[in-house]
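# pasting a predicted model and its sequence here:
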Amino acid sequence: MNRLVAPSGRRFGEHVRLGVLTEGIRPELVDEGEELTGCGERRRRLLPARSVVYFVLALCLFSSSDSAGPPGYRSVLRTLTEKLRHLPGLCVQRSSPSSALTRARQRLGDKPLQALVGRWCVTLATTLTPGAFAFALRLVAWDGTALDVPDTPANAAEFGFTGKGGVDQSGHPQIRLMALTECGTHALVDAAFDAVAKFSEHKLARRLLASLRPDSRPPLRRIPVWGLARATGAHLVWRIKKNLVFVPLRVLSDGSYLSIMGTPAENIRHGQARAAGRTLAEPPRGHLVRIIEYTAIRPQACPPRTETFRLVTSLLGHRLAPAHQLATAYHQRWEIENGFAELKNRLRGAGFILRSKAPEPICQGINALLTVYQALCALQTRAAEHGGTDPTGSPSPSRCNSPGWPSPPGPPPTPPRWTSPAARSLQSNHARLRAPGERAFAQLKT
């Protein structure tokens, strides 16, 4: 490959771009991130810091261009500079070796890419985007996944492996990625990643709580951060296990019922009482929630299969948020899996691992991967709005088949008769919660 050199006062690296993605990843945005993180240039180089940022982004953009493996440094740089040779005033000289590009990445570090991800992680859907809103709330989902990194001593010591004590250990060191995505566009609202051996999804989820807003409704899955997430003002829908005990306080007309999600200490206290055959006079202390049970029918299976779902939600008004509509909206939670497939299989490449052999370039590459993914989501969303289609390429909830929605399995649960006066007063107050709850939800809707 040849190297392009500009006359005095002009550097060819200043002309390096990412094609149509440059509309979102603008040069001034890249320069701003370098200045904020203190990673600006101290001397004039053939490859300025801005061009190195675009080069690292291009490594992720073209990672899956060859099914045999990610392209090399020189091949990616050739693709970036292919059109620059036709600019006036540029002469052609010998190319820089791959070692020079490696040193350029090391000088850059991962902070400019981290700042770029922070600027890019925003919601993209409008009120007209199919599948992006329900009950006047923006649908977001969060979940975790793992990314393989090269098996080097430095990576193994920094990130670790999945599995305990060598049992079911992963073949490569891994990084755990926790993402909060917009269901209607697959866009990243926030993301956090760290060593798989040190951080669980529960810990990483706490880093994303600041990105939840009162107009969001994240479907959760097995993440015990309900109280922290509710404190942000966001409404929640959570799939829960069948063996968890929720005593009904009031059965609603759509088959759902109000109950209390007890604190861990209260769950232990009531569980021990049930095991001993005793009935406590007081209901558990905790969060007032609504329980929804339904059966999803999977006709594509042979023979057709059914699966029972049990959801807990903070949306207490059954008229403004009917149970069958909540069940259909929860189906959008699986859009985050499609987003992970786009990130890991289509963008990074199916079966590929991140190329760097040291922890800092690994973090730099992940931030670049998230930035390119978000830029592609933005481009896809704009194209879908122009064409009047769904950005995710999947049918919206109004057009998809709703889960099989018979009556709740078995007879509706019967509210208990609490014995103490305080418990009876609490149950009486829960019976009158419908109107205040619906008024509060109506205020949020307007």
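Yep, that arrived.

# give the buried residues for the longest helix that the chain contains.
Ranked by number of residues, the top helix in the chain under DSSP state H is helix 359-387. Residues of helix 359-387 classed as buried: 359-378, 380-381, 384-385 (neighbour count, 16 or more other Cβ atoms under 10 Å). For the C-beta atoms, the positions are set from N, CA and C on the backbone; glycine is no exception.

# would you mind measuring from the residue nearest to residue 378 when sequence neighbours are not counted to residue 34?
Leaving aside its chain neighbours, residue 378 sits nearest to residue 24 (5.3 Å; criterion: Cβ to Cβ, 6 or more residues apart in numbering). Here the criterion is Cβ to Cβ, to the nearest Å. By it, residue 24 lies 17 Å from residue 34.

# looking at these two, which one has more neighbours?
residue 34 (21 against 17; other Cβ atoms under 10 Å).

# host element of the more buried one?
Per DSSP states H and E, residue 34 falls inside helix 27-36.

# and that helix, what other elements does it pack with?
Packing contacts for helix 27-36, counted by 3 or more Cβ pairs under 8 Å, 6 or more residues apart in numbering; DSSP states H and E, involve helix 49-61, helix 111-120.

# just the buried residues of the helix or strand following the first one, please?
Helices and strands here follow DSSP H and E; after helix 49-61, the next one along the chain is helix 73-80. By neighbour count, with 16+ other Cβ under 10 Å as the criterion, the buried positions of helix 73-80 are 73, 76, 77, 79, 80.

# how close does the residue lying closest to the fourth one once chain neighbours are set aside get to residue 52?
What it means is residue 79. In space, and not counting its chain neighbours, residue 79 is closest to residue 62: 6.4 Å by Cβ to Cβ, 6+ apart. Noted for residue 62: a distance of 16 Å to residue 52, by Cβ to Cβ.

# so for these two, which sits in the more crowded spot?
residue 52 (25 against 18).

# quick one: end-to-end distance for stretch 177-195.
9 Å (Cα to Cα, to the nearest Å).

# repeat that for stretch 300-320.
32 Å.

# which one of the helices and strands packed on helix 27-36 is the most hemmed in?
Comparing these by mean neighbour count (mean count of other Cβ atoms under 10 Å), helix 49-61 ranks first with a mean of 24.

# angle of that helix against helix 27-36?
Put simply, helix 49-61 runs at 110 degrees to helix 27-36, going by axes from the mean of the first three to the mean of the last three Cα atoms, to 10 degrees.

# from the chain's centroid, how far away is helix 49-61?
In terms of Cα atoms, centre = their mean, to the nearest Å, the centre of helix 49-61 is set 24 Å apart from its chain centre.

# got it, and stretch 231-250?
The answer for stretch 231-250 is 21 Å, by Cα atoms, centre = their mean.

# buried set for that stretch?
Buried residues in stretch 231-250, counted by 16+ other Cβ under 10 Å: 234, 235, 236, 237, 238, 240, 246, 247, 248, 249, 250.

# over to stretch 149-158?
149, 150, 152, 154, 155, 158.

# next, the contact list for the first one, please.
In this case it means residue 149. 155, 159, 172, 173, 174, 175, 353, 354, 356, 362 (Cβ atoms under 8 Å, 6 or more residues apart in numbering).

# biggest separation within those residues, which pair?
Using Cβ to Cβ, the contacts of residue 149 span at most 14.1 Å, a distance reached by 174 and 356.

# so residue 273: helix, strand or coil?
Of the three states, residue 273 takes helix under DSSP: H, G, I helix; E, B strand; the rest coil.

# surely it touches residue 283?
No. With contact defined as Cβ atoms under 8 Å, residue 273 does not reach residue 283; the gap is 11.9 Å.

# more neighbours, these two?
A count of neighbours by other Cβ under 10 Å puts residue 283 above the other of residue 273 and residue 283, at 21 against 12.

# pretty sure the more buried one contacts residue 246?
No. Judged on Cβ under 8 Å, residue 283 makes no contact with residue 246 at a distance of 10.9 Å.

# what's the overlap in contacts for these two?
Joint contacts of residue 283 and residue 246 (Cβ under 8 Å, 6+ apart) are residue 260.

# hang on, residue 143 is in a strand, isn't it?
Yes. The assignment for residue 143 is a strand, going by three-state DSSP.

# look up how far residue 205 lies from it.
Distance, residue 143 to residue 205, by Cβ to Cβ: 9 Å.

# tell me where the stretch 251-400 of the chain has helices.
Secondary structure of the stretch 251-400 of the chain by DSSP state H, counting those that start in this stretch: the helices cover 264-275, 323-330, 335-341, 359-387.

# closest to residue 168 out of the ones you listed?
Ranking the helices of the stretch 251-400 of the chain by proximity to residue 168 (Cβ to Cβ) places helix 335-341 first, at 20.8 Å.

# now that closest one: buried residues?
For helix 335-341, by 16+ other Cβ under 10 Å, it's 335, 336, 339, 340.

# nearest to residue 218 among these?
Nearest to residue 218 among these, counting by Cβ to Cβ, is residue 336 at 9.9 Å.

# was I right about the closest one contacting residue 184?
No. In this structure residue 336 lies outside contact range of residue 184 using Cβ under 8 Å: 11.7 Å.

# just to revisit the earlier point, from memory the residue nearest to residue 378 sits against residue 375, does it?
Yes. With contact defined as Cβ under 8 Å, residue 24 and residue 375 form a contacting pair (4.8 Å).

# which residues do the two both contact?
residue 120.

# circling back: buried ones in the helix holding residue 34?
Quick answer for helix 27-36 (16+ other Cβ under 10 Å): 27, 30, 31, 33, 34.

# what is the burial count for residue 301?
Neighbour tally, residue 301, other Cβ under 10 Å: 10.

# quick check on the residue nearest to residue 79: phi, psi?
phi -100, psi 10 (degrees, to the nearest 10).

# I'd assumed residue 192 was in a helix, is it?
No. According to three-state DSSP, the state of residue 192 is strand, so it is not within a helix.

# out of the helices and strands packed on helix 27-36, which gets nearest to residue 298?
helix 49-61 (35.9 Å).

# can you tell me what sits against that closest one?
13-14, 16-18, 21, 25, 27, 30-31, 33-34, 39-41, 47, 70, 73, 76-77, 79-80, 101, 104-105, 107-108, 112-113, 116, 347-348, 355, 364-365, 368-369, 371-372.

# same thing but at 7 Å, please
Applying Cβ atoms under 7 Å, 6 or more residues apart in numbering, the contact partners of helix 49-61 are 13-14, 16-18, 25, 27, 30-31, 34, 39-41, 76-77, 79-80, 101, 104-105, 108, 112-113, 347, 364-365, 368-369, 371-372.

# then stretch 197-216?
Counting by Cβ under 7 Å, 6+ apart, 137-138, 140, 142, 144, 159-161, 176, 178, 180, 189-190, 192, 194, 218, 223-225, 228-229, 232-234, 444 sit against stretch 197-216.
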